[in-house]
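Peer 1: Need a 3D model of the sequence below.
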Amino acid sequence: MDDKVKNFKAGADDYLTKPFAFAELLIRVEALLNRGPEYQPNYFCIGGLEINRISHQVKRNGITIKLTAKEYAVLEYLAANAGRVLTRRMIMEHVWDQSFEGLTNIVDVYIRQLRAKIDETFHPKLIHTFRKAGYSLSDEDQK
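Peer 2: Sure thing, here's the model as predicted:
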């Protein structure tokens, strides 16, 4: 499959091949900036998991789940990108707003805590691990 088609199917909304003219790059960046803010829903519902982005209330099958601020931030980021595999680095940079140097298992710790709260006693499991890639939130079976 053509690289452009493959990248657009993977979620890209623009694509620039090398070699490219610097003027074209600037025009494309300007066009992206002029699109305005992306719509962000105030509410997510995935496999019985309900996330209210305004009140930060989380429920699974109607049961309220208490989360710390960081747990909520990780879960909200996963939900905003439901079905997409997010790398540990992406999660760290979004939730902690910085890049951690070296190896750290902070994301793994928070994923473990979230699984204990939203997956352990419920079905289907929503947080999926993709070995050597990252994590995804989805109600689809990830076999």
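Peer 1: quick one: buried residues of stretch 75-95?
Peer 2: Neighbour-count burial for stretch 75-95, with 16 or more other Cβ atoms under 10 Å as criterion, is recorded at 75-82, 86, 88, 90-92, 95. Where you see a C-beta, it was placed from the backbone N, CA and C, and this is true even at glycine.
Peer 1: Looking at those, which one is closest to Ala21?
Peer 2: Of all the buried residues of stretch 75-95, Ala21 sits closest to Met90, with 30.1 Å by Cβ to Cβ.
Peer 1: Name all residues that make contact with that closest one.
Peer 2: Contacts of Met90 were listed using Cβ atoms under 8 Å, 6 or more residues apart in numbering, and they are Gly134.
Peer 1: Mind checking what secondary structure it has?
Peer 2: Three-state call for Met90 (DSSP: H, G, I helix; E, B strand; the rest coil): helix.
Peer 1: measure it to Val107 for me?
Peer 2: Separation of Met90 from Val107 (Cβ to Cβ, to the nearest Å): 9 Å.
Peer 1: domain assignment for the chain?
Peer 2: 3-34, 43-137 (automatic domain parsing).
Peer 1: what is the mean pLDDT for the longest one?
Peer 2: Taken as a whole, domain 43-137 carries a mean pLDDT of 92.
Peer 1: Would you agree Lys59 falls within a helix?
Peer 2: No - when three-state DSSP is applied, Lys59 is found to be strand, with no helix at that position.
Peer 1: Once you drop chain neighbours, what's closest to it?
Peer 2: Spatially, and ignoring its direct neighbours in sequence, Lys59 is nearest to Glu50 (4.5 Å; Cβ to Cβ, 6 or more residues apart in numbering).
Peer 1: how many other residues sit next to that neighbour?
Peer 2: 17 (other Cβ atoms under 10 Å).
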